[in-house]
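Novice: Here is a sequence together with a model predicted from it:
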Amino acid sequence: MSTDINLRKKVVLHIITGLETGGAEMMLYKILSKTNRRRFEPSIISLIDRGTLGDRIEALGIPVYSIGMEAGKLTLRGIWRFIHKVHQCKPDLVQGWMYHGNIAAQLAGIVTLKFVPVIWNIRHSLHSLSYEKASSATLIKILAPLSSFPKKILYNSKISAIQHDKLGYQVTKSIVIPNGFNTEFFRPSLEFRISVRTELGLSNDTFLIGRISRYDPMKDHANFLHAAALLLKDYPDVHFVLAGDRVDWENQTLCQLIDQLGIAERIHLLGERHDIPRLTAALDIACSSSSYGEAFPNAIGEAMACGVPCVVTDVGDSGWIVGNTGRVVPPRDSNALANASKELIALGSEGRNALGKAARTRIIENFSLDSIVAQYESLYESVLSGC
């Protein structure tokens, strides 16, 4: 048997803040599901907990270690547990995910005592640091002078790379790999279209506009709801579907706004769901109403893969992803969001189907999951070989 170390599977340790359902977390899961296990042996350290994805990742045969740190709190016990798990994993390469994961990854590269190469993975765009929490803004600034240490700084957004370069992040280490999508999983489906409407108690011809994302200030659900109220003045029979963590009827902020706008009869708050491909394929229009922070929103690519035309705010790479297959409007402009949706409604089913087909083709040709995973693996090979 050959003892050539280059033939040994390389251990890639991914370090992420937590494993609740989110864009970065889902992209990590998707990459792991397609990783070449004959060449790479992945393992995961989650700084906080196992979240909703820990069990799903372990079902792939990949170990998941939870440190149990509390958000925003650093303890000696937590640091010791982290160091112990890093030594247990014996990584050949460490990849961080998001700002806290990146700084933890850099620490992991040091404590291995082998100068293991580190890759940062930044999943956030920066319209202005004033939009960020004070602690997040501070960390973003701290990472700028530290950006000389990782071998590569990976972004999922062209705009994000430019914004971070302006803050002092090492431009020579930047590489952009966009998100990828499983176009067999996310696909057009008449069956899903009918079944979702049946679940909601709606007729098969009900027009559905959807917003799928967790509840977070940067997602600007208020913008979406205000646009919905404006659109209902001209199209009173349209229904709106919202799904994601904390996007439910227990969210008092959302409920109060819906009541104030008088649109409760047309709003469906579904909370966190595990049938996103089904919900997405049922939509007539998909919206992204974010006001900041987005880099490369998964929900947009997933909708496009389902053949659903999108109306998106021009945040991060959202406009570039959609191209000429949908509509792009300024952030924080409910009138523009509503008017763009009206334009797509006015196209009729034939016009929207044409846009949807073009959208799916764009995803298949530019953002297929297999091609994106291949880019990640090529990056790993390059870093491991010292190139």
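Specialist: Good, I have the coordinates.

Novice: Give me the distance from the strand or helix carrying residue 277 to the chain's centre.
Specialist: Applying DSSP states H and E as the criterion places residue 277 in helix 276-281. Here the centre of helix 276-281 is set off from its chain's centre by 16 Å, with CA atoms, centre = their mean, to the nearest Å.

Novice: Quick one: residues in contact with it.
Specialist: Defining contact as CB atoms under 8 Å, 6 or more residues apart in numbering, one finds that helix 276-281 is touched by 185-189, 192-193, 195-196, 210, 212, 241, 243, 270, 273, 286, 299, 302-303, 306-308. For the C-beta atoms, the positions are set from N, CA and C on the backbone; glycine is no exception.

Novice: how does it look with 10 Å?
Specialist: By CB atoms under 10 Å, 6 or more residues apart in numbering, the residues outside helix 276-281 that reach it are 21, 26, 182, 184-193, 195-196, 199, 208, 210, 212, 241, 243-244, 268, 270, 273, 275, 286, 298-299, 302-308.

Novice: got it, and stretch 367-374?
Specialist: By CB under 10 Å, 6+ apart, stretch 367-374 touches 27, 30-36, 156, 177-186, 296, 301, 304-305, 321, 363-366.

Novice: Can you select the buried ones among the residues you listed for me in ChimeraX?
Specialist: Entered in ChimeraX, the line below selects the buried ones among the contacts of stretch 367-374, by 16 or more other CB atoms under 10 Å:
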select :27,30,31,32,33,34,35,156,177,178,179,180,181,182,183,186,296,301,304,305,321,363
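
Novice: Sort out for me which of the contacts of stretch 367-374 are in helices.
Specialist: Applying DSSP state H to the contacts of stretch 367-374, the entries found in helices are 27, 30-34, 301, 304-305, 321, 363-366.

Novice: need those residues in a markdown table with pLDDT and distance to residue 280, can you?
Specialist: Shown next, in a markdown table, are the ones in helices among the contacts of stretch 367-374 (pLDDT from 0 to 100; distance: CB to CB, whole Å):
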| residue | pLDDT | distance to residue 280 |
| --- | --- | --- |
| 27 | 95 | 16 |
| 30 | 96 | 15 |
| 31 | 97 | 20 |
| 32 | 97 | 22 |
| 33 | 96 | 18 |
| 34 | 96 | 20 |
| 301 | 97 | 10 |
| 304 | 98 | 10 |
| 305 | 98 | 8 |
| 321 | 96 | 15 |
| 363 | 97 | 12 |
| 364 | 96 | 16 |
| 365 | 95 | 20 |
| 366 | 94 | 19 |
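
Novice: Report the two of these separated the most.
Specialist: Farthest pair in those (CB to CB) is 32 and 365. Separation: 24.2 Å.

Novice: For residue 368, grab phi and psi.
Specialist: phi -70, psi 140 (degrees, to the nearest 10).

Novice: hmm, back to that, next SSE after the helix holding residue 277?
Specialist: Downstream of helix 276-281, the next assigned helix or strand under DSSP H and E is strand 285-288.

Novice: Note down every partner strand of that next one and its orientation.
Specialist: strand 208-212 (parallel), strand 310-313 (parallel) (DSSP bridges).

Novice: quick one: residue 360 from residue 326, how far?
Specialist: Distance, residue 360 to residue 326, by CB to CB, to the nearest Å: 12 Å.

Novice: out of those two, which sits in the busier spot?
Specialist: residue 326 (29 against 22; other CB atoms under 10 Å).

Novice: Identify the residues contacting the closest residue to the more buried one other than its chain neighbours.
Specialist: Leaving out its chain neighbours, the residue that sits closest to residue 326 by CB to CB, 6 or more residues apart in numbering is residue 310, at 4.0 Å. Shown in contact with residue 310 (CB under 10 Å, 6+ apart): 210, 283, 285-288, 297, 299-304, 318, 321-322, 325-328, 340, 344, 355-356, 359.

Novice: give me that answer again for 7 Å
Specialist: Going by CB atoms under 7 Å, 6 or more residues apart in numbering, residue 310 touches 286, 288, 300, 303-304, 322, 326.

Novice: Can you give me the end-to-end span of stretch 226-238?
Specialist: 14 Å (CA to CA, to the nearest Å).

Novice: Please enumerate the strands of the stretch 51-200 of the chain.
Specialist: 64-66, 93-97, 118-122, 152-155, 174-176 (DSSP state E, counting those that start in this stretch).

Novice: any chance of the contacts of residue 310 in TSV, plus distance to residue 86?
Specialist: Converted to TSV, the contacts of residue 310 look like this (distance: CB to CB, whole Å):
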residue	distance to residue 86
286	40
288	36
300	35
303	38
304	38
322	40
326	43
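
Novice: Let me see the ranges of the strands in the stretch 201-350 of the chain.
Specialist: Counting by DSSP E, counting those that start in this stretch, the strands of the stretch 201-350 of the chain are 208-212, 239-243, 267-269, 285-288, 310-313, 327-329.

Novice: Look at residue 3 and report its pLDDT.
Specialist: pLDDT, residue 3: 41.

Novice: no, scratch that, I was asking about residue 77
Specialist: pLDDT at residue 77 comes out at 86.

Novice: Quick check: phi and psi at residue 113.
Specialist: phi 60, psi 10.

Novice: hang on, the earlier thing: now, the most widely separated pair of the contacts of residue 310?
Specialist: Longest span within the contacts of residue 310, CB to CB: 288 and 304, 11.1 Å.
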